[in-house]
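Enquirer: Test case, fold it:
(chains A and B)
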Amino acid sequence: GAVVSQHPSWVICKSGTSVKIECRSLDFQATTMFWYRQFPKQSLMLMATSNEGSKATYEQGVEKDKFLINHASLTLSTLTVTSAHPEDSSFYICSAEGTPKNNEQFFGPGTRLTVL
Amino acid sequence: AQTVTQSQPEMSVQEAETVTLSCTYDTSESDYYLFWYKQPPSRQMILVIRQEAYKQQNATENRFSVNFQKAAKSFSLKISDSQLGDAAMYFCAYRKAGTASKLTFGTGTRLQVTL
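Expert: I've put the predicted structure just below:
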């Protein structure tokens, strides 16, 4: 299967600061990337869908000004949590889909964010 | 809107035995995909098995098989000869056909495997 990486794997930051999480497809061109959020003992909730070179589409209830998503290349998407607060602490997972394996999403290992 | 329901928050199975995890979904689409994902303690999502709705034959991957009942909108996962390494959260997921279509996940079933 295809490989997707995320960096960092975990991050701790102070309240009010911004944090950037990277999602990379290592061996395929990711035309679409998805960002999920997972709270402890809960399921994955889709936050947004990003297509390379265009603006992300956010799910209802997700603040686009707080969770900035950039998908500037076919191998990299970034999620920036701006002015983070303790309630933003969560596990963030990205997935990617593209060429040559369409109709299948490959998941990154996730990033644990803790906001103090 | 599509919904995915997993009614078993937790299940337990003895090593070498068989267990079935339940999943139902709701959709008005005729062409879609269904998935079972495994999430071990590392939290890496691992695809276990995939079923295309247009295929009548149930998907099978080694010890894992599904019972896909399209009319009933049911998609259960059977794990045979359970192993300790099967212990994990299992999520059922749906996506409609087409590229860049989003996944909708169920709430998950935690599977314990005992000796």
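Enquirer: Now do the spatially most central residue of chain A against residue A:3, distance only.
Expert: Among the residues of chain A, the one closest to the centroid is residue A:35, at 3.7 Å (CA atoms, centre = their mean). Distance of residue A:35 to residue A:3, computed by CB to CB, to the nearest Å: 18 Å. Bear in mind the C-beta positions are built from the backbone N, C-alpha and C, glycine included.
Enquirer: Thought residue B:67 was touching residue B:76, still the case?
Expert: Yes. With contacts counted by CB atoms under 8 Å, residue B:76 reaches residue B:67, the gap being 4.7 Å.
Enquirer: Show me whatever sits in contact with both of those two.
Expert: Residues touching both residue B:76 and residue B:67 by CB atoms under 8 Å, 6 or more residues apart in numbering or on different chains: residue B:20.
Enquirer: tell me the average confidence for stretch A:103-115?
Expert: The average pLDDT within stretch A:103-115 is 93.
Enquirer: Ends of that stretch, what's the gap?
Expert: This stretch, stretch A:103-115, spans 35 Å end to end (CA to CA, to the nearest Å).
Enquirer: do stretch B:56-65 as well
Expert: End-to-end for stretch B:56-65, by CA to CA: 13 Å.
Enquirer: Other residues contacting that stretch?
Expert: For stretch B:56-65, contacts defined as CB under 8 Å, 6+ apart pick out B:36, B:48-51, B:66-68, B:77-83.
Enquirer: Nearest to chain A, out of those residues: which one, please.
Expert: Checking the contacts of stretch B:56-65 against chain A by CB to the nearest CB gives residue B:50 as the nearest, at 7.8 Å.
Enquirer: From residue B:47, how far out is the closest residue to that closest one other than its chain neighbours?
Expert: Distances taken as CB to CB, 6 or more residues apart in numbering or on different chains place residue B:35 nearest to residue B:50, at 5.2 Å, with adjacent residues excluded. From residue B:35 over to residue B:47 the distance is 6 Å, taken as CB to CB.
Enquirer: Which one's more surrounded, the two?
Expert: Neighbours were counted for residue B:35 and for residue B:47 using other CB atoms under 10 Å in any protein chain shown; residue B:35 has more, 25 against 16.
Enquirer: correct me, but that one touches residue B:49?
Expert: Yes. If you go by CB under 8 Å, residue B:35 and residue B:49 touch, sitting 7.2 Å apart.
Enquirer: Could you list everything the residue nearest the centre of chain B pairs with in the sheet?
Expert: By CA atoms, centre = their mean, chain B has its centre lying nearest to residue B:36, at 3.0 Å. Beta bridges link residue B:36 to residue B:49, residue B:92 when assigned by DSSP bridges.
Enquirer: rewinding a little: weed out the non-buried ones from the contacts of stretch B:56-65.
Expert: Using 16 or more other CB atoms under 10 Å in any protein chain shown as the burial test, these include B:36, B:48-51, B:66, B:68, B:77-79, B:82 as buried.
Enquirer: For residue A:69, state which of these is nearest.
Expert: Residue A:69 lies nearest to residue B:50 out of the buried ones among the contacts of stretch B:56-65, by CB to CB, at 26.6 Å.
Enquirer: what about the closest one, distance to residue A:64?
Expert: To residue A:64, residue B:50 is 31 Å away according to CB to CB.
Enquirer: picking that back up, assumed the residue nearest to the centre of chain A was part of a strand.
Expert: Yes. Counting by DSSP: H, G, I helix; E, B strand; the rest coil, residue A:35 is found in a strand.
Enquirer: Correct me if wrong: it contacts residue A:92.
Expert: Yes. Contact status for residue A:35 versus residue A:92: in contact at 6.7 Å, counting by CB under 8 Å.
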